[in-house]
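Q: show me how the following folds:
(chains A, B and C)
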Amino acid sequence: MFKRKRKLQNYTHLAVAFHLPAFLTLTVITLGPLLYTLKISFYDYKISSSGSEDVFVGLKNYINMFHDMEFVNSMAKTFLFMLCAVVLEVILGVVLAMALNSITRFRKLFTSLTLIPMMVAPLIIGLMFSFFLNPQFGLYVWLVDTLHLPLPTVLTDSPVLAMIVVILMDVWEWSPYLGLVFLAGLQSISGEYYEAAKVDGASSAQIFQYVTLPLMKPVLVVGILLRAMETFKEFDKPFILTGGGPGNATEVIDIFTYRQAFVSFNFSYAAAICVVLFIILQLCGMMYQKFVMGGEEE
Amino acid sequence: MKKRTLFITAALLTVCMAGTCGCGASRSEADPAASSEPAADSGAKRFAGTTIYMIAEQQTPTEALKKQLDNFTEETGIIVDLEMAPYDNVIQKETLAFESKSGAYDIIAAPYQFLGNLVENNYIQPLDKFMEDDSLNIIEAYDESDIIKGLWDASGEWQGTIYGVPSNSCIGMMAYRKDLFENEEEKAAFKEAYGYDLTVPTDWDTYYDVAEFFTREKGEMLAGEELKNNFYGVSMSGKRHDATTCEWLNYAWSFGGGVFDEEGNIAINSPESVAALEYFCNLTKFAPEGIASKTWDEQTTEMQQGIAAMTILFNDCYAALEAEDSSVIAGKTGYGLVPKKEADAAHYGGWGFYIPTDSGNPEAAWVFMQWFNTPEVQKNISLDGGFPNLSSCYEDPDLSGIPYWEASKKAYEISTTRPRIAQWPKMDEILMLELSNAITGEETPQQALDNAAQKFTEELGDQLPIDYQ
Amino acid sequence: MKKNKKRKLIGIYLFLIIFLILALLPYFWLVLTSFKTRVDAFAIPPKVFFKATLSNYREAFLDKGFLMNLKNSIIIMLATVGIGLGLGLPSAYAFSRFKTGKDSLLLNYLLGTRFTPVVVLALPLYLLMSKVHLLDSFVGIVIAHIAFNLPFVIWMMKGFFDAIPKEIDEAARVDGYSWFKVFLRIDVPLAKSGLAATAVFCAINSWNEFLMALILTGRHTATMPVGIPGLLTPQGTIWGQIAAVGTIITIPVLIFAVLVQKHMIAGMTMGAVK
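A: Numbers count the residues shown, from 1 in each chain, chains lettered A, B, ... in the order given. Take a look at the predicted model:
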């Protein structure tokens, strides 16, 4: 203990020197702007009214948020999106990981190809799907028609279907990713556990439930938390595909904020929303970090 | 100063860009014709070497303008740095530039519906002082009186002061499949089914009947041929987008409704407006599926692919229907006016060029605006699919052969304009959402427009009634 | 028993193949579309065999100026990676080697930045950049991209430095190397495969990024993703060219991704899963 403390002191000036460039930069280019956001969220920084002198309005922007049905709606939509997308991605991810883990031939090829969806720029994904799903000229409609699949052909007219498409688009992009994360987790489980379980006569379902799942738990939690936080950043794909519509059925919080800031130019209201979003994500981030750091100490 | 730095950075980094500009400038300086001009500070070249920064919508007429910019540089020595952005981003970029007082642009293009907003926020400056200054009127071919007054008033004049000149002008019109309307079998079938002759619709009841008549399933016959795909009576916009507002306003005005009534009170939920929206929503039955994702962009494509019989759309999209390499209906299309009920309706959707208050080169910008409204420039734009701002162009025999020309001329005579008040951009956002809700059946037309009316009232407050728009 | 196992294996392969078809079909279709004329692109039934044309590539990159967007994207990407690594490596090294009591606080701060929605930073960055006249400049957009990538570099590289045995450092220290020299001459070269993976990640993040670039770049600095909405015109969406640009944007990313596949997961979980 004593020795360790001396070591810490020794390194302090080195640590400062090595950290300084990065943290100085980050402070200037992220903390600064974030504090600026905090500041304007307390002001009436309205630009479309003439002669805009910033007026201090206290918590008005924050209070407005809770009276604004569109804000409440987009928050609800975001959570709905998050819940559905993450659950589907985790299930598919686990299945994919187990499948990849149980094959030996072509595993490398399969993993390489699995990478493709998450590497395509989200903007391109949105465009790709809108072309693919075009109700008149899209490949999807043709497939449904020709193969007589019991699926709806027009997906963007109904609020529910549009939301499902937005969710599936995310699932398309990210479940391969979770699959690979979980695969890494599966591979780190020592074969001894399985042998011991087999010796005890456990069925494969039991092995999954009592051996695989508990040992996978850390990786699962990491995957879930990461995706949950990332879904708060959802913007490009629905922005291009549905533009938040029909109505505001798929208007997730980032699109709503973008609209407030860069279409309606309600900068201070948008800033207040940003602050709230930031706080939510900081809480998630803390959970994540606790988990990652906790894992490290073991 | 700042602009200069920007330009230098850009020139260093974008080699090809700098190449073009450099060429343009040196060519005009070396041009022997230039030396015969009077002294540099009074002739057409008095602003030689100046660069003006400009932003406009990325679309056909702007592309047509871009092709001609070298001519302008040759004539005046002024270099135009033209930025093009998609419709949704143009206003965004401009407003952000104004708000941050960056002085980024010397000329901006904006749809005239933003005029009130631009003026009341003091973003743009009046043009009178330039127009009255003879030393600035250096473009010989420019004739102020040639500009069509209606267009100029709509896109440039606010409360008696001129703030801009018309840039791209376009107007709501109907396009229809001439070949189908002329088909004898179809004519006979229509007569049998509806009891009157198949004609190009001039009223909404006929429009509805014809739309219904031409809507066919895959496998049925159309004009003697078996359909490989579904065919639709109409093509429409229904996305939460300006395209939907723009299309629907044609219907609303024609029905006798609109945003405001004669007295300037809110009429968006008047019985006439509601009837127009009910009609619009009913009509979507005969439009290709997926209405909630459609804008003018999809309407153009659906017509080009030959899957719809009629549409109501801005006429600057119609050149695309006549393009042989991308349209299967080139040469088969007829053009007419929006059907009429209570009133004539032809939605004027023009843009204007404006000079920002923080522009560093307003005089050179004004010179550009003169050049832009000269017959040759306007004619070239029209040949590429745009529409001229000049009366003389409408008399030009080279242009009268364009298929949609005659109908366009008639439409401009009866044009109707959207509100231009400062609050309109916000009201438009509200209207887009409510129209979208009605079209997808989330709300009834009555509910949707009542909601819109209520939000309009909140937005306008004690400024009602609106006595100037 | 054995037969049963074989059948199960076939089932697994079948599942994987179906999964891959679903995962690759939309992208495959995009690439195919990029070689079609406008009429072919919208043809029903869809054409799998058609007369291929390069006109979309030619028009987008030569006539519409996407070559310039491509160049901008490359400049911004290289600058982001270079500066990001330059600033981030020492810090990552310090987290790995010079532990202090404040580490967890600092790491938390980094994570916070990493998980901040783009739109939250886009708003103030826009307003501030406009005040210092950095809109439509490479400096402005590179700063924004660094803001997102720096935390990422540090987290990822920390993991790779952790994997290098500390004994090596100590041996070098005994030989009289300064810490800076140990870091630069010994540990950075040892972590080079991780370094490559980190660089690729940063590159991809910057390359694919849309919202920041949309707001902060302009005519002279617009990246490829920002140029794309310009192809959605009121006169019809130019799908062929969108597909062409989309294909070009994606191909380098895919090549790089396959090259550093091994470190992919570590990167995307910010070092939580190795």
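Q: would you say residue B:306 is within a strand?
A: No. Using DSSP: H, G, I helix; E, B strand; the rest coil, the assignment for residue B:306 is coil, not a strand.
Q: close enough to count as contact, it and residue B:328?
A: Yes. With contacts counted by C-beta atoms under 8 Å, residue B:306 reaches residue B:328, the gap being 4.5 Å. The way it works is simple: take the backbone N, C-alpha and C, and place the C-beta from them, glycine included.
Q: between these two, which one's more packed in?
A: residue B:306 (18 against 14; other C-beta atoms under 10 Å in any protein chain shown).
Q: look at the more buried one and report its pLDDT.
A: With respect to pLDDT, residue B:306 scores 90.
Q: mind giving me the domain split of chain B?
A: Annotated domains of chain B cover B:27-171+B:349-413, B:172-336 [automatic domain parsing].
Q: how much space separates whichever residue of the stretch 151-274 of chain C sits closest to chain A from residue C:125?
A: At 3.7 Å from chain A, residue C:208 is the closest residue in the stretch 151-274 of chain C, using C-beta to the nearest C-beta. For residue C:208, the distance to residue C:125 equals 18 Å [C-beta to C-beta, to the nearest Å].
Q: what's the answer for residue A:241, then?
A: The separation that residue A:241 has from residue C:125, given C-beta to C-beta, amounts to 26 Å.
Q: comparing those two, which residue is more hemmed in?
A: Between residue A:241 and residue C:125, counted using other C-beta under 10 Å, residue C:125 has the larger neighbour count: 28 against 24.
Q: can you pull the contacts of the more buried one?
A: Shown in contact with residue C:125 (C-beta atoms under 8 Å, 6 or more residues apart in numbering or on different chains): A:29, A:33, C:143, C:144, C:147, C:212, C:215, C:216.
Q: wait, is it part of a helix?
A: Yes. Counting by three-state DSSP, residue C:125 falls inside a helix.
Q: contacting residues around the residue lying closest to residue B:141 once chain neighbours are set aside?
A: The spatially closest residue to residue B:141, leaving aside those adjacent along the chain, is residue B:374, at 4.0 Å (C-beta to C-beta, 6 or more residues apart in numbering or on different chains). Counting by C-beta under 8 Å, 6+ apart, residue B:374 touches B:139, B:141, B:142.
Q: including pLDDT, could these go into CSV?
A: Below are the contacts of residue B:374 laid out as CSV (pLDDT from 0 to 100):
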residue, pLDDT
B:139, 86
B:141, 88
B:142, 89
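Q: which of those residues fall within helices?
A: Within the contacts of residue B:374, no residue falls in helices by DSSP state H.
Q: in TSV: those, plus distance to residue A:73.
A: Shown next, in TSV, are the contacts of residue B:374 (distance: C-beta to C-beta, whole Å):
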residue	distance to residue A:73
B:139	53
B:141	55
B:142	52
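Q: pull out the buried members of the residues you listed.
A: B:139, B:142 (16 or more other C-beta atoms under 10 Å in any protein chain shown).
Q: burial measure for residue C:108, as a count.
A: 17.
Q: which one is it nearest to, not counting chain neighbours?
A: Nearest to residue C:108 is residue A:289, by C-beta to C-beta, 6+ apart, at 5.2 Å.
Q: what's the burial count for the one you found?
A: 20.
Q: what of residue B:207?
A: Neighbourhood size, residue B:207 [other C-beta under 10 Å]: 24.
Q: ditto for residue B:195
A: A count of neighbours around residue B:195, defined by other C-beta under 10 Å, yields 8.
Q: that one and residue B:209, how far apart?
A: Here the criterion is C-beta to C-beta. By it, residue B:195 lies 10 Å from residue B:209.
Q: near chain B, which residues of chain A are found?
A: Listed as neighbours of chain B in chain A under the rule C-beta under 8 Å from any C-beta of the partner chain: A:47-48, A:50-51, A:130, A:134-137, A:153-159, A:162, A:241-248, A:262-265.
Q: could you list which of those also contact chain C?
A: Restricting these to those touching chain C (C-beta under 8 Å from any C-beta) yields A:136, A:137, A:262.
Q: which SS class is the second one?
A: Just to be clear, that refers to residue A:137. Under the three-state scheme (three-state DSSP), residue A:137 adopts coil.
Q: so for residue 204, what's the pLDDT?
A: Unless you meant another one, I'm taking chain A. pLDDT for residue A:204: 81.
Q: hmm, no, I was thinking of chain B.
A: Each residue has a pLDDT score; the one for residue B:204 is 95.
Q: who's in contact with the residue nearest the centre of chain C?
A: In chain C, the residue lying closest to the centroid (C-alpha atoms, centre = their mean) is residue C:204, at 1.3 Å. When contacts are counted by C-beta under 8 Å, 6+ apart, residue C:204 touches A:119, C:253, C:256, C:257.
Q: circling back: mind checking which of the residues of chain A next to chain B are buried?
A: If you count burial by 16+ other C-beta under 10 Å, the buried members of those come out as A:47-48, A:130, A:134-137, A:153-159, A:162, A:241-248, A:262-265.
Q: show me these that map onto helices.
A: Those of those mapping onto helices are A:130, A:159, A:162, A:241, per DSSP H.
Q: if you tally nearby residues, what's the number for the residue nearest to residue B:102 when sequence neighbours are not counted?
A: Nearest residue to residue B:102, sequence neighbours excluded (C-beta to C-beta, 6+ apart): residue C:130, at 5.3 Å. Look at residue C:130: counted by other C-beta under 10 Å, it has 19 neighbours.
Q: host element of residue 39?
A: Using chain A here. Assessed by DSSP states H and E, residue A:39 sits inside helix A:32-40.
Q: try chain C instead
A: helix C:38-41.
Q: list the buried residues of the helix or strand following that helix.
A: The helix or strand immediately downstream of helix C:38-41 is helix C:55-58, counting by DSSP H and E. Buried residues in helix C:55-58, counted by 16+ other C-beta under 10 Å: C:55, C:56, C:57.
Q: next up, the contacts around the last one.
A: Put plainly, it is residue C:57. C:34, C:244, C:248.
Q: kindly report the same for the first one.
A: By C-beta under 8 Å, 6+ apart, the contact list for residue C:55 reads C:37, C:240.
Q: low-scoring stretches of the chain, by residue?
A: No chain in the question, so chain A it is. A:1-10, A:46-54, A:292-298 (pLDDT under 70).
Q: not quite, go with chain B.
A: Ranges of chain B meeting pLDDT under 70: B:1-42.
Q: please name the nearest non-neighbouring residue to whatever residue of it ends up closest to chain A.
A: Nearest to chain A, among the residues of chain B, is residue B:290, at 3.3 Å (C-beta to the nearest C-beta). Excluding its sequence neighbours, the residue lying closest to residue B:290 (C-beta to C-beta, 6+ apart) is residue A:135, at 3.3 Å.
Q: contact partners of stretch A:11-25?
A: Here stretch A:11-25 makes contact (C-beta under 8 Å, 6+ apart) with C:86-88, C:90-91, C:93-94, C:97-100, C:106, C:146, C:150, C:154, C:179, C:183.
Q: could you pull out the strands for chain C?
A: Ranges of strands in chain C, per DSSP state E, are C:232-233, C:236-237.
Q: looking at these, which one is packed in the most?
A: Highest mean neighbour count of the strands of chain C: strand C:236-237, a mean of 24 (counted as mean count of other C-beta atoms under 10 Å in any protein chain shown).
Q: distance between that one and the chain's centre?
A: Offset of strand C:236-237 from its chain centre (C-alpha atoms, centre = their mean, to the nearest Å): 29 Å.
Q: same deal with stretch C:233-241?
A: Distance of stretch C:233-241 from the chain centroid (C-alpha atoms, centre = their mean) equals 27 Å.
Q: could you confirm whether it reaches chain B?
A: Yes. Against chain B, stretch C:233-241 shows contacts by C-beta under 8 Å from any C-beta at C:233, C:234, C:235, C:236, C:237.
Q: now do the contacts for the closest residue to the third one other than its chain neighbours.
A: Of all residues not flanking residue C:235 in the chain, residue B:320 sits nearest, at 4.4 Å (C-beta to C-beta, 6+ apart). Residues in contact with residue B:320, defined by C-beta under 8 Å, 6+ apart, are B:60, B:300, B:304, B:326, B:327, B:385, C:235, C:236.
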